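# how would this look folded up:
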Amino acid sequence: MAPINIDFAALNLITLSPMLITLFGALVILIIDLIKSDLDKTLYVVLTILTLFIAIGANMSLNINERGLFDTILIDGVSILGQILILVGSIIFIPLALTKRKFHDFSYPEYFALFLFMVSGFQFMAASDNLILIFVGLETASLALYTLIAMHNTKLAHEAAIKYFTMGAMAAGFYAMGAAAIYGVTGSVEMYSIVQIFQSRLHEAGIMIPIIGGALLMIVAIGFKVSLIPFHMWTPDTYEGASASMAGYMSIVPKIAMMVVAMRVIGMYLELDIEIVRWTIIALAIITTTAANMMALVQKDVKRMLAYSSISHAGFVLVAVALDTTKGYTSIFMYYSLFMFTNLGAFAMLWVSRHKYNIHHDRFHHPYSKFAGMIKKAPVSAVVMGVFMLSLAGVPPFSIFWGKLYVLSAVVDAGYTKVALILALNSAIAVYYYLKLIVYMFLKSPDEAGDKVVYANRSLPLEVVIGLAGLATVASIFYIDPLMEFILNLVSASGY
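Residues are numbered from 1 along each chain as shown. Next up is the predicted model:
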């Protein structure tokens, strides 16, 4: 048998450096725990944050439009932007582990190792156009995330992890079947090759059936992971069972990674002018945004309201994927850059008044009544939460207003004026349920249970994260143009 020669130049290992740094950080944490257990969790938090910062530096130093790992890794502007958002979102989240409350999940060193394994999975999803490597990244991140949710160690957390695992398994199945259908037609799992083979075979009789079938299977898989309706069933219950901060993280970072995958996968079909795929995405986006808003209107719990809110925002952003324009793709990163701080800040605020037992409602930890009269008991917290709600509602001039404006502008420029009008009407509807919380905080008087609310989960890390999120929400007003220019340059450099 002839020896197998590996061309290490073809590996181009520098393109793997951001992911390898994250994996190395996870292994270091596990090794430290093996050598000496019972170390303070502060060490692991610092190591995790340091690892993520180094990974950002490695990511920013990469050359655009390079390939590595035998052409399975693609470092383009979209890859770099996706990894930046994933890593920054993770850096914002992880200091919450230093809260003074004794949460079970943060007491385990393996929590931080699993967290870094999960982040590396998201990075691989963002940095590849190979269907197999994307699947490996997806499953790496998902399996770690299921465990992180269960480690909250409550009955609801275990239920949430099981539901998420079940829906995640279905998503993985649809993705695998979709990839198999694509491979069956093209004999390739590399997206750049798939497009070329599709183009050369479009004239063949009956070829559109497996092509469109593969596309629909992939759309279902994306729908499960991005929480599109009707594939959203797991989202409210999973967010309710997870800790507030983890729910906030889940509403942002996994969706950013999957949006990048959607841009690449859906982009293959749009490049071939297969309009049924475009209109399927637009229809799903409109249904998701509208139905999620209707459901959010009737929620009695703020956390579940924010869960449906995140579904609505995902539908709003998804429209930009169907446009297949530079401005559309730019608007996706623009939107999530602004949404990331505001939404994680809003979920983190729920921790400020977290109680072990429900004192307001038999089932919910965060009913609206709990926030009644908050301006009197915690005026600063009430004002900050009010800013987050106004931003999520898209009220000018707060951050997400600019994200929504840019998405709508991209939709109108692409010629879909009616779609833009439907999205604008949905934004107007969403204002109601965000303002409902503001009314409770500023205009309602607390009930008897409200007198028992103690905003005791205050700690420097929690206040820093919330303060940073609030500052970014307000300060972004003055830095929209530089942010948009930075994102546009990277997206344009990728050829989108």
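# which pLDDT value belongs to residue 5?
Per-residue confidence at residue 5 stands at 61 (pLDDT).
# now residue 160
80.
# then residue 1?
What the model reports as pLDDT for residue 1 is 51.
# residue 155 now?
Residue 155 carries a pLDDT value of 76.
# do residue 12 as well
Taking residue 12 on its own, its pLDDT is 75.
# what is the burial count for it?
A total of 17 residues lie near residue 12 under the criterion other CB atoms under 10 Å. Placement of C-beta: from N, CA and C, glycine included.
# how near is it to residue 240?
44 Å (CB to CB, to the nearest Å).
# for the helix or strand in which residue 260 is found, packing partners?
Using DSSP states H and E, residue 260 sits in helix 253-271. Identification of packing neighbours for helix 253-271 by 3 or more CB pairs under 8 Å, 6 or more residues apart in numbering; DSSP states H and E yields helix 77-93, helix 109-126, helix 131-150, helix 191-201, helix 208-226, helix 275-297, helix 302-323, helix 326-349.
# just put those helices in CSV and tack on mean neighbour count and mean pLDDT.
Rendered in CSV, the data for these read as follows (neighbours: other CB atoms under 10 Å; pLDDT from 0 to 100):
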stretch, mean neighbour count, mean pLDDT
helix 77-93, 25, 90
helix 109-126, 26, 89
helix 131-150, 21, 88
helix 191-201, 16, 83
helix 208-226, 21, 87
helix 275-297, 19, 90
helix 302-323, 26, 88
helix 326-349, 26, 87
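# and those as JSON lines, adding distance to residue 35?
Shown next, in JSON lines, are the helices and strands packed on helix 253-271 (distance: least, CB to CB, whole Å):
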{"stretch": "helix 77-93", "distance to residue 35": "25"}
{"stretch": "helix 109-126", "distance to residue 35": "11"}
{"stretch": "helix 131-150", "distance to residue 35": "23"}
{"stretch": "helix 191-201", "distance to residue 35": "43"}
{"stretch": "helix 208-226", "distance to residue 35": "37"}
{"stretch": "helix 275-297", "distance to residue 35": "48"}
{"stretch": "helix 302-323", "distance to residue 35": "39"}
{"stretch": "helix 326-349", "distance to residue 35": "33"}
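# out of those, which gets nearest to residue 24?
helix 109-126 (8.9 Å; CB to CB).
# elements contacting that closest one?
helix 17-35, helix 41-60, helix 77-93, helix 131-150, helix 253-271.
# and the longest helix for this structure?
helix 155-186 (DSSP state H).
# list the buried ones in that helix?
For helix 155-186, the buried set under the neighbour-count rule, 16 or more other CB atoms under 10 Å, comprises 156-157, 159-165, 167-168, 171-172, 174-179, 181-182, 185-186.
# and of the helices and strands packed on helix 253-271, who's closest to residue 410?
In terms of CB to CB, the element of the helices and strands packed on helix 253-271 nearest to residue 410 is helix 326-349, at 4.2 Å.
# how near is the nearest residue to residue 414 once chain neighbours are set aside to residue 259?
Using CB to CB, 6 or more residues apart in numbering and skipping the chain neighbours, the partner closest in space to residue 414 is residue 323 (4.5 Å). Relative to residue 259, residue 323 is positioned 13 Å away (CB to CB).
# what does residue 163 give?
22 Å.
# and if you look at residue 90?
16 Å.
# repeat for residue 12
On the measure of CB to CB, residue 12 and residue 259 end up 26 Å apart.
# any idea how far residue 383 is from the closest residue to residue 372 other than its chain neighbours?
Nearest residue to residue 372, sequence neighbours excluded (CB to CB, 6+ apart): residue 444, at 3.9 Å. Applying CB to CB, the value for residue 444 to residue 383 is 16 Å.
# OK, contacts around the residue nearest to residue 372?
Residue 444 makes contact with 369, 372, 373, according to CB atoms under 8 Å, 6 or more residues apart in numbering.
# ok, for the last one, nearest residue in space, not its chain neighbours?
Right, the one you point to is residue 373. residue 446 (3.7 Å).
# okay, now that neighbour: neighbour count?
Neighbours of residue 446 (other CB under 10 Å): 18.
# just the pLDDT at it, thanks.
70.
# give me every residue that touches it.
372, 373, 376, 377, 453.
# need those in TSV with distance to residue 311, neighbour count and secondary structure, can you?
Converted to TSV, the contacts of residue 446 look like this (distance: CB to CB, whole Å; neighbours: other CB atoms under 10 Å; DSSP: H, G, I helix; E, B strand; the rest coil):
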residue	distance to residue 311	neighbour count	secondary structure
372	26	23	coil
373	30	20	coil
376	33	13	helix
377	31	18	helix
453	28	20	coil
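# same list (those residues) but as TSV, adding pLDDT and distance to residue 17.
Shown next, in TSV, are those (pLDDT from 0 to 100; distance: CB to CB, whole Å):
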residue	pLDDT	distance to residue 17
372	80	51
373	78	52
376	79	52
377	77	48
453	51	47
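# out of those, which two sit at the greatest distance?
Checking the contacts of residue 446 with CB to CB, the most distant pair is 376 and 453, at 10.9 Å.
# can you pull out the helices in the stretch 351-496 of the chain?
For the stretch 351-496 of the chain, the helices defined by DSSP state H, counting those that start in this stretch cover 374-377, 379-392, 399-413, 417-443, 460-475, 480-493.
# out of those, nearest to residue 310?
Here helix 379-392 is closest among the helices of the stretch 351-496 of the chain (CB to CB), at 9.3 Å.
# mind listing what's buried in that closest one?
381, 382, 384, 385, 386, 387, 388, 389, 390, 391, 392.
# which of those sits closest to residue 292?
residue 392 (12.8 Å).
# that closest one reaches residue 345, doesn't it?
No: here residue 392 lies out of contact with residue 345, judged by CB atoms under 8 Å, at a distance of 9.9 Å.
# give me the nearest residue to residue 411, chain neighbours excluded.
Nearest non-adjacent residue to residue 411 (CB to CB, 6+ apart): residue 420, at 4.3 Å.
# which residues are in contact with that neighbour?
Counting by CB under 8 Å, 6+ apart, residue 420 has contacts 408, 411, 412.
# and those residues, which is closest to residue 198?
So of the contacts of residue 420, ranked by how close each gets to residue 198 (CB to CB), first place is residue 411, at 26.4 Å.
# so what's residue 492 up against?
77, 326.
# mind redoing it with 7 Å?
residue 326 (CB atoms under 7 Å, 6 or more residues apart in numbering).
# measure it to residue 76 for me?
11 Å.
# again, but for residue 201
In terms of CB to CB, residue 201 sits 26 Å off from residue 76.
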